[in-house]
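Visitor: Make a model of this:
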Amino acid sequence: VSNTSLYQVMNGTHSFMGYATNTYSGFDPSAVHFGSNYSGIDLSSHVTTDLSDFSLHEGDLFLVMEDRHIEKMSSIQHHPHTQITLLGLFSSPTNALIYDPFTLSETYFNQCFVQIESAVDHVIQLFDSHNQNN
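Guide: Below you'll find the predicted structure:
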């Protein structure tokens with residue numbers, strides 16, 4: 001069992017970054033609404049960081065949702081020890097691409113939240129397991 005939950009990730013020191021956003025913008029109201037309805041996670045106080053305002057650090061792991069995000073992230077100047085991968089590769093069942101549900105139905109938002117939660121839980125388990133073995 002993981003020592004961390006998606007709720008703790010959402011309320012921790014992790015960054016939410018985008019290349020088509022503005023720094024200090026709140027999450028889309030529909031995402032806040034659907035997130036709360038789906039998992040009870042309050043996203044109302046979370047803000048985004050534009051890629052140009054993000055400080056990269058050695059060991060950063062970028063979990064992106066779409067293949068085009070990999071290309072965009074690869075194009076920025078980054079530390080040689082950063083890694084980029086698709087978040088959906090960690091979901092169960094595996095679904096490599098998780099497309100942005102913005103402007104889509106609540107059903108699709110919920111499907112995205114299920115995939116994201118599954119993937120984040122798996123990533124956390126992998127990190128916890130690695131930390132216990134080292």
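
Visitor: how close does residue 111 sit to residue 88?
Guide: In this view, residue 111 and residue 88 are 11 Å apart by C-beta to C-beta, to the nearest Å. For the C-beta atoms, the positions are set from N, CA and C on the backbone; glycine is no exception.

Visitor: If you count surrounding residues, which of those two has more?
Guide: Using other C-beta atoms under 10 Å, the more surrounded residue of residue 111 and residue 88 is residue 88, with 22 against 17.

Visitor: what sits opposite the most centrally placed residue in the chain in the beta ladder?
Guide: Nearest to the geometric centre of the chain sits residue 63, at 5.9 Å (C-alpha atoms, centre = their mean). Here residue 63 shows beta-bridge partners residue 85, assigned using DSSP bridges.

Visitor: for it, what are its contacts?
Guide: Shown in contact with residue 63 (C-beta atoms under 8 Å, 6 or more residues apart in numbering): 85-87, 90, 119, 123.

Visitor: which two from those residues end up farthest apart in space?
Guide: Greatest spacing in the contacts of residue 63, by C-beta to C-beta: 86 and 123 (11.4 Å).

Visitor: so how many other residues sit close to residue 112?
Guide: 23.

Visitor: That one: which element?
Guide: Using DSSP states H and E, residue 112 maps to helix 106-133.

Visitor: I'd like to know which elements that helix is packed against.
Guide: Applying 3 or more C-beta pairs under 8 Å, 6 or more residues apart in numbering; DSSP states H and E, we find helix 106-133 packed against helix 6-10, helix 29-39.

Visitor: Quick check: the residue nearest to the centre of the chain vs residue 40, distance?
Guide: Distance, residue 63 to residue 40, using C-beta to C-beta: 22 Å.

Visitor: residue contacts, residue 109?
Guide: Here residue 109 is in contact with 30-31, 34, 38, 101 (C-beta under 8 Å, 6+ apart).
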